[in-house]
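Peer 1: Build me a model:
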Amino acid sequence: MPRLRAWFSRLLGLFRKSRRNAEMAEEIQAHVDLLTERNIAAGMLPHEARNAALRQFGGVEQIKEAAREQRVWRWADEFVQDVRFGARMLFRNPGFSLLAILCLTLGIGTNAAVFSWIEGILIRPYPLVAHQGRMFALAGTTRGAERGGLSYPDFVDLQKNSTLFESFIIDRIVGTTLSVGDRAERASGGLVSANYFDALGVQPMLGRGFRPEEGTGRNAYPVTVISYLTWKDRYKNDPEIVGKTQYMNGVQHTIIGVAPEKFHGTFIGYSFNFWVPTSMQEAFDSTGYKMEDRGA
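Peer 2: From the prediction side, this is the model:
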């Protein structure tokens, strides 16, 4: 309790400095006057009595400084003084102050942007995706090329035979002409395996992801999960969006879900508008490859 009382007293001392200094000066003066009177009573002249009293009492300024250190924290007192000095300088030079604040704002904003970019690209490139540090991208090689993609049959083989990985997903960038009513525009999305959202640990905010059977067959399941931005911009946050349709490359797709706001896909730098299952490959592939082709 005494320690708490002393702490509180020092805190109050920061805001009652002038009053405390005045009280201390009065108290010191009273002691000096008392010693002076005693010296005069002992036969000294008034000016000699006062000088002797000051010598007997000790250095007045040193006593004041020691008393101040007992009343307040020295570092806190100096900090308050610096703040007051800085405030006075700001009011005296408003033009310079505005320039300094602007420079600080720009510097802080630039640093924030850089750190956000580092976090988004290097530290956490896939928001909402669980276990990002355990994700790997696989690629294959083909004759005449150093690197190529994996076909759907390769994906099936890996799923059946691999014991090293917990799961595999397909994710391929596709473009389309997306039509809603009379409005049509180019959009980019992902052609993905049916386990895409489940393997990534991403739960659609509305509706559902893809079912296992929706990743098989040829153009058998024209369904799509749309991005949050597509839902917001094109459908004005329609809470009844699930079950409605949109045309992509002339094929009518039923919207079965809406991805979470911060999920944009697994390709860094891309923000997808939609995702469709691998069963719809031929609707988005103009090369003539089919799902059963090893080179697809």
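Peer 1: Just to check, residue 224 is in contact with residue 246?
Peer 2: Yes. Counting by Cβ atoms under 8 Å, residue 224 touches residue 246, with 7.3 Å between them. All C-beta spots, glycine's among them, are computed from the backbone N, C-alpha and C.
Peer 1: which residues are common contacts for the two?
Peer 2: 253, 255 (Cβ atoms under 8 Å, 6 or more residues apart in numbering).
Peer 1: Look at residue 189 and tell me its secondary structure.
Peer 2: strand (DSSP: H, G, I helix; E, B strand; the rest coil).
Peer 1: Spit out the contact partners of the nearest residue to it once chain neighbours are set aside.
Peer 2: If the residues on either side of it in the chain are set aside, residue 189 comes closest to residue 274, at 3.9 Å by Cβ to Cβ, 6 or more residues apart in numbering. When contacts are counted by Cβ under 8 Å, 6+ apart, residue 274 is found next to 176, 178, 187, 189, 190, 224, 225, 226, 227, 230, 248.
Peer 1: burial of the last one, as a residue count?
Peer 2: If you count neighbours by other Cβ atoms under 10 Å, residue 248 ends up with 24.
Peer 1: Tell me who's in contact with it.
Peer 2: 176, 177, 178, 179, 187, 189, 224, 274, 276, 283, 284.
Peer 1: So which of these are in helices?
Peer 2: Per DSSP state H, helices hold the following members of the contacts of residue 248: 283, 284.
Peer 1: domain assignment for the chain?
Peer 2: 2-92, 133-284 (automatic domain parsing).
Peer 1: As TSV, these with mean pLDDT and distance to residue 108 would be great.
Peer 2: Shown next, in TSV, are the domains of the chain (pLDDT from 0 to 100; distance: least, Cβ to Cβ, whole Å):
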stretch	mean pLDDT	distance to residue 108
domain 2-92	67	18
domain 133-284	86	24
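Peer 1: okay, those domains, which one's buried deepest?
Peer 2: Stretch with highest mean neighbour count among those: domain 133-284 (a mean of 16; mean count of other Cβ atoms under 10 Å).
Peer 1: For residue 216, which non-adjacent residue is closest in space?
Peer 2: Spatial nearest neighbour of residue 216, chain neighbours left out: residue 279 (5.8 Å); criterion: Cβ to Cβ, 6+ apart.
Peer 1: Could you double-check that that neighbour sits in contact with residue 210?
Peer 2: No. Taking contacts as Cβ under 8 Å, residue 279 lies outside contact range of residue 210: 9.2 Å.
Peer 1: which residue ranges form the strands in the stretch 151-296 of the chain?
Peer 2: Assigned by DSSP state E, counting those that start in this stretch, the strands in the stretch 151-296 of the chain fall at 171-180, 183-192, 206-207, 223-226, 245-248, 251-258, 274-277.
Peer 1: Switch the ones you listed over to CSV; also include distance to residue 156.
Peer 2: Shown next, in CSV, are the strands of the stretch 151-296 of the chain (distance: least, Cβ to Cβ, whole Å):
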stretch, distance to residue 156
strand 171-180, 15
strand 183-192, 15
strand 206-207, 27
strand 223-226, 21
strand 245-248, 25
strand 251-258, 23
strand 274-277, 14
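Peer 1: quick one on the thing from earlier: tell me the one of the contacts of residue 248 nearest residue 204?
Peer 2: residue 224 (11.3 Å; Cβ to Cβ).
Peer 1: Spatially nearest residue to that closest one (excluding sequence neighbours)?
Peer 2: Closest to residue 224 by Cβ to Cβ, 6+ apart is residue 253, at 4.4 Å.
Peer 1: Identify the bridge partners of that neighbour.
Peer 2: residue 246 (DSSP bridges).
Peer 1: Next up, the contacts around it.
Peer 2: Per Cβ under 8 Å, 6+ apart, neighbours of residue 253: 222, 223, 224, 245, 246, 247, 276, 280.
Peer 1: my read: the fourth one touches residue 254, true?
Peer 2: Same thing as residue 245. Yes. At 5.4 Å, residue 245 and residue 254 qualify as touching, with contact defined as Cβ under 8 Å.
Peer 1: hey, what's in contact with both of the two?
Peer 2: Residues touching both residue 245 and residue 254 do not exist when contact is defined as Cβ under 8 Å, 6+ apart.
Peer 1: mind checking how far residue 154 is from residue 278?
Peer 2: Residue 154 sits at a distance of 12 Å from residue 278 (criterion: Cβ to Cβ, to the nearest Å).
Peer 1: Test for you: state the pLDDT assigned to residue 109.
Peer 2: You'll see residue 109 listed with a pLDDT of 74.
Peer 1: how deep is it tucked in, by neighbour count?
Peer 2: Neighbour count for residue 109, taken as other Cβ under 10 Å: 10.
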